[in-house]
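A.B. asks: using only what follows, build the 3D model:
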Amino acid sequence: MSIHMIEAVRFNAAGDRVEEVRWGRAKRKEDGSLGWEAKISEQEVSLVVDALHFGDEVATVFSIDGQIVQGPKIQLVLHEHGIEGIDIVDHDKAGRTLADLPRF
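C.D. replies: Numbers count the residues shown, from 1 in each chain. Model (predicted):
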């Protein structure tokens, strides 16, 4: 099982769902903090959906004072017409959301 981190998103024209992500594979360092294992790339959200179906862990990541800080984890959601997408786990709770990530 891999760990992936999303650092930026691109929403659709209506602004109601993520179409693309800037993400990469992560790894835990010896001190327990997260770091990048592979080059970050911009890809369709369908690849995030696939990773979640394969059992991989996907989370948001924020840069705070030059440090990578893990944000909420990502889960699958079902949009209108049965289209799979992503959202954060516990999206009804206060805190960071996908909309708080940088846009590209």
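
A.B. asks: so who does T97 touch?
C.D. replies: By CB atoms under 8 Å, 6 or more residues apart in numbering, the contact set of T97 is P72, I88, H91. Glycine gets a C-beta too; all of them are placed from N, C-alpha and C.

A.B. asks: without its sequence neighbours, what residue ends up closest to the second one?
C.D. replies: Put plainly, it is I88. Nearest non-adjacent residue to I88, counting by CB to CB, 6 or more residues apart in numbering: P72, 3.9 Å away.

A.B. asks: list the pairing partners of the strand or helix carrying the one you found within its sheet, with orientation.
C.D. replies: P72 is part of strand 67-78 when elements are defined by DSSP states H and E. Using DSSP bridges, the strands paired with strand 67-78 are strand 57-64 (antiparallel), strand 84-88 (antiparallel).

A.B. asks: figure out which of those is closest to D50.
C.D. replies: strand 84-88 (9.5 Å; CB to CB).

A.B. asks: which parts of the closest one are buried?
C.D. replies: Neighbour counts over strand 84-88 (16 or more other CB atoms under 10 Å) mark G85, I86, D87, I88 as buried.

A.B. asks: do stretch 55-67 as well
C.D. replies: For stretch 55-67, by 16+ other CB under 10 Å, it's V58, A59, T60, V61.

A.B. asks: ditto for stretch 3-13
C.D. replies: Here stretch 3-13 shows I3, H4, M5, I6, E7, A8, V9 as buried, counting by 16+ other CB under 10 Å.

A.B. asks: if we can go back for a sec, turn the strands paired with strand 67-78 into CSV, including distance to G24.
C.D. replies: What follows is the strands paired with strand 67-78, written out as CSV (distance: least, CB to CB, whole Å):
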stretch, distance to G24
strand 57-64, 9
strand 84-88, 16
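
A.B. asks: pick out the shakiest of those, pLDDT-wise.
C.D. replies: Of all the strands paired with strand 67-78, strand 57-64 carries the lowest average pLDDT, namely a mean of 92.

A.B. asks: rewinding a little: for G15, find the nearest of the strands paired with strand 67-78.
C.D. replies: Going by CB to CB, the one of those nearest G15 is strand 84-88, 13.2 Å.
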